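K.L.:
What shape does this take:
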Amino acid sequence: MSNRVEVTQPSGRPRLVDLPEAASLLRLSEDGVEALVGAGYLIPSREESGAPRFAIGDLKAFVARNADDGAGALFGEGGDAFDPNTLLAALDGRSEEMARRAFDVFVAAFPEAATWSMVEQFRFIEQARKRFEAILAVTASGEVVDDALTGDLQEVGASAAWAGSSLPQLLVVLRISRDLVVQTAVEVAEERGRHWGLALSLLLTRVLPAVDRLTDAVAQGYWNAVVGREQESLDRYENVVESSSDGIFEVDLDGLVQYANPSLALILGRALPTLAGSALADVLVPLESSNLVERLLTEPSEGVVRAEAVVRRADGVQRILDISTSPRRQEGAVVGFQGVVRDVTTVHEVESAKNEFLTLITSDLRNPLTTILGLGATLEAYASDIPADRVQRIGKSIRGYTERIARLADDLYDISRLEARGLVLHVRPAELASVAQLALASVLGSDDVELRIPADLLAMADARRLEQVLANLVENALTHGAAPVVVEAQARDGHVEVTVSDSGDGVPPALIPTLFSRLRTFSRRDRDRSRGTGLGLALAKGLVEAMGGRVSYETWSTADGASGGACFRVVLASA
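P.N.:
Numbering: from 1, shown residues only. A predicted model of the protein is given here:
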């Protein structure tokens, strides 16, 4: 084939050839010619169609610049010298060598790597070899990068992120790899002669974009893993906050609630949707007028602000709350406050119960113990002189007082056990009909009890604790009231009301103010121990309020206005 080409067309204008003809004249692929254009070695002339066309003079000039000694032998023998894939294949055979050189460069940059064990060095070199093979594979693929290869590279980046590796350090390793590929390509081209310069130029126009794609894939995998890990931590944090038994809230600088978890709504006795946007001062109402909210929303010099206060819920129930707040910052500036609310009413009641126990020691226990001590001393001193029938009476008295003490001990044990379990409640939707049926199964004489509860009625409660509450109320009605006893429930205004009523005479008016008080229950001298300890109502009240509800007593009336007996009403949040 002759290397002479026509310079001008008959019109005198430079002759232009299209891409396929230019590739044929240069004995290169069309991709190779486009690579030369992209690298700036050839400048095409574009016509209205937008397709690139090349001036014959530009092609001849390119031949003159790149042929051996300017002899124009570019189109002669040795076509492989102009094929970048041939040079790429040569580089692939030196992946192991480049990997070892990469380790030497890495040691120079990070001297601590010189102390690595042989196993660690081998692992680095093996990873470097695979990295070079990946770079060459991406280079050979051109614009079409295999999805599986890209996925593998993204997994490399993700593994580095999960291992805690630094992204900058990972990119330094990639930079070392890129430089070694370029350096090795130059060495191979020099070894094979000057006429390999074109292949080297074409190869280098591929290497840099290939490494960019490699770096992008690794970085994408790295950051996807980082974002995924952060999202996982965020999801875990949100789950902990949402399911926490403590109330958690966020307010802005104006004291308006921006976020509240379900437990806060339960503690404050409010519906969760009503808390957002409400003023904290309107939902945390101290029993005694004070600057509670103002103190809580003050930036402390260090640590957190903490306060304990007796508050009145929206339903009128009083609770003792431990509240702590801390500033919420963005870019160093305070933008609001976050707080934790813990209901410590039960803790205070336990402390009060300890004092009540001391009261029992000085009253209910001291008298029988003193009597037992006196009777025992009498038997010890005068056993031989006391008639047998009197000894028998003394023994009966000792046994009676001992049983009294044992019953009191049982009462105390039961209430302490229930209080301890009451600190861990699992409030969730509970079907009232099934809960009531289980409660009746544990009460003697429940044949005289009538249930009037819809089968699909749900309430927010701890099912096992609610079962205990209903059992106590039914047993109280059967013991102190009269049959029949009716248990009914209905939904009303976003709540569920459960009533337990009997047909007795009701509670004497003098006892109603202290009906749910354990201290008064313990100290009442008219308490009939054969009918129980009298602690059931106090326990029912504590459990219901711990579930976010309330319990009350009223006397219901018949249609003709006569007293119908005692009625205990339990109000719980609707599910």
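K.L.:
Kindly list the longest strand within the chain.
P.N.:
strand 318-330 (DSSP state E).
K.L.:
Now do the buried residues in that strand.
P.N.:
Neighbour counts using 16 or more other Cβ atoms under 10 Å place Arg319, Ile320, Leu321, Asp322, Ile323, Ser324, Thr325, Ser326, Pro327, Arg328 of strand 318-330 among the buried residues. The C-beta positions use only the backbone N, C-alpha and C, and glycine is treated the same way.
K.L.:
was I right about the second one contacting His348?
P.N.:
Yes. Using Cβ atoms under 8 Å, Ile320 is in contact with His348, at 5.2 Å.
K.L.:
what residue ranges in the stretch 201-350 of the chain score low on pLDDT?
P.N.:
Across the stretch 201-350 of the chain, the ranges flagged by pLDDT under 70 are 201-215, 230-231, 233-235, 237, 289.
K.L.:
what are the ranges of the strands in it?
P.N.:
Ranges of strands in the stretch 201-350 of the chain, per DSSP state E, counting those that start in this stretch, are 247-252, 257-260, 305-312, 318-330, 333-343.
K.L.:
Which neighbouring elements make contact with the third one?
P.N.:
On a contact count with 3 or more Cβ pairs under 8 Å, 6 or more residues apart in numbering; DSSP states H and E, strand 305-312 meets helix 292-296, strand 318-330.
K.L.:
Distance to Gly255 added to these, as TSV?
P.N.:
Output for the helices and strands packed on strand 305-312, formatted as TSV (distance: least, Cβ to Cβ, whole Å):
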stretch	distance to Gly255
helix 292-296	6
strand 318-330	11
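K.L.:
Break the chain down into its structural domains.
P.N.:
16-32+42-63, 86-237, 244-343, 347-421, 425-573 (automatic domain parsing).
K.L.:
Give me the mean pLDDT for the first one.
P.N.:
Averaging pLDDT along domain 16-32+42-63 gives 76.
K.L.:
List the buried residues in it.
P.N.:
16-17, 19, 22-23, 25-26, 28, 32, 42, 44, 52-56, 58-60, 62-63.
K.L.:
ok, now stretch 386-398?
P.N.:
Buried-residue list, stretch 386-398, by 16+ other Cβ under 10 Å: Ile394, Ile398.
K.L.:
Other residues contacting it?
P.N.:
For stretch 386-398, the surrounding residues in contact (Cβ atoms under 8 Å, 6 or more residues apart in numbering) are Thr371, Ile372, Leu375, Gly376, Thr378, Leu379, Ala383.
K.L.:
from those residues, which ones fall inside strands?
P.N.:
Per DSSP E, the contacts of stretch 386-398 never map to strands.
K.L.:
Now, of these, which are buried?
P.N.:
By 16+ other Cβ under 10 Å, the contacts of stretch 386-398 give Ile372, Leu375 as buried.
K.L.:
So which of the contacts of stretch 386-398 belong to helices?
P.N.:
Using DSSP state H to define helices, the subset of the contacts of stretch 386-398 located there is Thr371, Ile372, Leu375, Gly376, Thr378, Leu379.
K.L.:
Could you save those as JSON lines and add columns showing pLDDT and distance to Glu242?
P.N.:
Shown next, in JSON lines, are the ones in helices among the contacts of stretch 386-398 (pLDDT from 0 to 100; distance: Cβ to Cβ, whole Å):
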{"residue": "Thr371", "pLDDT": "86", "distance to Glu242": "57"}
{"residue": "Ile372", "pLDDT": "87", "distance to Glu242": "56"}
{"residue": "Leu375", "pLDDT": "87", "distance to Glu242": "62"}
{"residue": "Gly376", "pLDDT": "87", "distance to Glu242": "61"}
{"residue": "Thr378", "pLDDT": "86", "distance to Glu242": "67"}
{"residue": "Leu379", "pLDDT": "86", "distance to Glu242": "66"}
